[in-house]
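Enquirer: I would like to see how this sequence folds:
(2 chains)
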Amino acid sequence: MSPPQRVAAGSAFSISTTGSGQAVLYIVGPGQALRRNVQLGEAVSFPAGVLFHAGRYLVILAGPSTHTREMDVTPADQPHSLSFLAKPSRLPVGLQNGISGTAYVFDAYRNLVTTPLPVSFALSDQGGGASQTQTVTTRNGVAWTRMNSAAKEGSAKFVAQTNGVSGTRVIEEVPGSPCGLTMHATAAAGDKVDLQTTPVRDCAGNAVPDGTIVTFTETYKGEQSTADVPIKKGIAQVVMPAHIGARISVASGVVAGNEIRWGGR
Amino acid sequence: MIKRLLPTICLLAASPALLAASPSVHMEPPQLQGSRAIEPLTRTAVVRDYLESWKSFRAAMAQNRPSLLDQDFAGTAKEKLTATIQEQAKLGIHTRYQDRSHDLQFVFYSPEGLSIQLIDNVVYEERVLDHDKKTLAKKQMRARYIVVLTPAQTRWKVRIFQAGPNNTRDISASGEVAR
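Expert: Model (predicted):
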């Protein structure tokens, strides 16, 4: 018998046989197992779509004597789908190489397409303008990239595409850590001091989201009072005891803001 | 890096669980081409789990029991192997695979750490038996497997398990079995 050494996944092929009498033809591998009754001396035809899982196969012709051959089924060159993984789904703005994308390319039978293919990755902002693009050639069926998060907060569309097949993921780009955190203090009724930040923004000018915790710390005669306050409507505000000569500082996470020495006004 | 991994591989090869199979295992230096570096512990775990997956694969194919794949395979690889086992059962055959040697090389570790790809130039014996356990054919095969593993709760599972020709070596071929 003469099976082809290689066939593309899902394509038609035939195996010619010699001799006379009846036999059984098997094509067996981890990907598929097929059997056909054969009239020796005739060719056995396999129509398109019968043998479609890529891999190595043992072809066995069991008749008066048994013959074996090897045959490879190779993935189709034409991609049919992408398995596209983008991480993370949410990250701060302005992060260098903060977003990664990995694309595995498959043919119509879920075989990994091992022929090198160009995959284009594009990360665009809410308006649809392509802000970053990169084309990477697959190696062993996979291509990957890293992208920077945008300077402006919002949803970004991350698309991987090859030969008309694409996958899309949405990345939420959120404001980064506060930048230039500043508060001011005013006297309040009942020996209190009213502390209020200016609108809290990151270094790119995006408003830090409400709910982010801002910590006010008052130190007086060696004692410390602390208040953790969530940002509301863009600012953080708290009323603390007013001690003349107290030092009051503000911070958010690891970002320190300004410090005030309370002088009574 | 390889030196660090070798004792583990030797241990794996010597462990009682693997004595039945005990294929030889060789690690090539990784060729990751700029993707994330693989920590030694990760390398060890992936190799261990991949070699374990061959045991499951062998048992499942020999016994025509797809459930034996559950522990080590996921996604496309599991679906395809399951379908093959079902076809084997319908045809009244089963297949014994015996891996003789693995030549492994890591080629990709995704930046987020959620998939790892290796190439396995494997030598194995494939023996096809009919329902009477009579050997229809056996042959030593060489193949270049592209394998993608993804982390599951406690282990790495094989998600893509795709063979192609091993072009680097001659294909041994006796291939004739008298009936």
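Enquirer: Secondary structure class of the most centrally placed residue in chain A, three-state.
Expert: For chain A, the residue nearest the mean C-alpha position is residue A:86 (0.7 Å; Cα atoms, centre = their mean). Three-state call for residue A:86 (DSSP: H, G, I helix; E, B strand; the rest coil): strand.
Enquirer: Surely it touches residue A:100?
Expert: Yes - the criterion here is Cβ atoms under 8 Å, and residue A:86 meets it with residue A:100 at 7.1 Å. Backbone N, C-alpha and C define where each C-beta goes, glycine included.
Enquirer: Neighbours of residue 137, how many?
Expert: This is for chain A. For residue A:137, the count of nearby residues is 10 (other Cβ atoms under 10 Å in any protein chain shown).
Enquirer: Wait, chain B was what I had in mind.
Expert: 24.
Enquirer: tell me which element residue B:54 is part of?
Expert: Per DSSP states H and E, residue B:54 falls inside helix B:40-63.
Enquirer: same question, residue A:196
Expert: strand A:192-197.
Enquirer: quick check: mean pLDDT across that strand?
Expert: For strand A:192-197, the mean pLDDT works out to 95.
Enquirer: Relative to that strand, what are the paired strands and their orientations?
Expert: Strand A:192-197 has its sheet partners listed here by DSSP bridges as strand A:183-188 (antiparallel), strand A:237-241 (antiparallel).
Enquirer: okay, these, which one's buried deepest?
Expert: strand A:237-241 (a mean of 17; mean count of other Cβ atoms under 10 Å in any protein chain shown).
Enquirer: tell me the pLDDT at residue B:30?
Expert: Taking residue B:30 on its own, its pLDDT is 89.
Enquirer: residues contacting it?
Expert: B:1, B:38, B:43, B:105-107 (Cβ atoms under 8 Å, 6 or more residues apart in numbering or on different chains).
Enquirer: Next one: residue A:195 from residue B:77, what distance?
Expert: Relative to residue B:77, residue A:195 is positioned 60 Å away (Cβ to Cβ, to the nearest Å).
Enquirer: Quick check: buried residues in stretch B:118-136?
Expert: B:118-124, B:126-129, B:136 (16 or more other Cβ atoms under 10 Å in any protein chain shown).
Enquirer: does any part of it sit near chain A?
Expert: Yes - interface with chain A: stretch B:118-136 contributes B:119, B:126, B:128, B:136 (Cβ under 8 Å from any Cβ of the partner chain).
Enquirer: Count the residues that sit near the residue of the stretch 151-265 of chain A found nearest chain B.
Expert: Nearest residue of the stretch 151-265 of chain A to chain B, counting by Cβ to the nearest Cβ: residue A:169, 11.9 Å away. By the measure other Cβ under 10 Å, the count of residues near residue A:169 is 17.
Enquirer: ok, now how distant is it from residue A:121?
Expert: 11 Å.
Enquirer: Give the residues shared as contacts by those two.
Expert: A:101, A:158-159.
Enquirer: Switch the residues you listed over to CSV; also include distance to chain B, neighbour count and secondary structure.
Expert: CSV is the format used below for the shared contacts of residue A:169 and residue A:121 (distance: Cβ to the nearest Cβ, whole Å; neighbours: other Cβ atoms under 10 Å in any protein chain shown; DSSP: H, G, I helix; E, B strand; the rest coil):
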residue, distance to chain B, neighbour count, secondary structure
A:101, 8, 28, strand
A:158, 13, 23, strand
A:159, 17, 19, strand
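Enquirer: ok, of those, which one's closest to residue A:35?
Expert: The closest of the shared contacts of residue A:169 and residue A:121 to residue A:35 turns out to be residue A:101 (Cβ to Cβ; 43.1 Å).
Enquirer: Strand partners (parallel or antiparallel) of the helix or strand of chain A with the lowest mean pLDDT?
Expert: None of the helices or strands of chain A scores lower by mean pLDDT, DSSP states H and E than strand A:130-137, at a mean of 88. Counting by DSSP bridges, the strands paired with strand A:130-137 are strand A:118-124 (antiparallel).
Enquirer: Please identify the buried residues of the strand it pairs with?
Expert: Buried, per 16+ other Cβ under 10 Å, within strand A:118-124: A:119-124.
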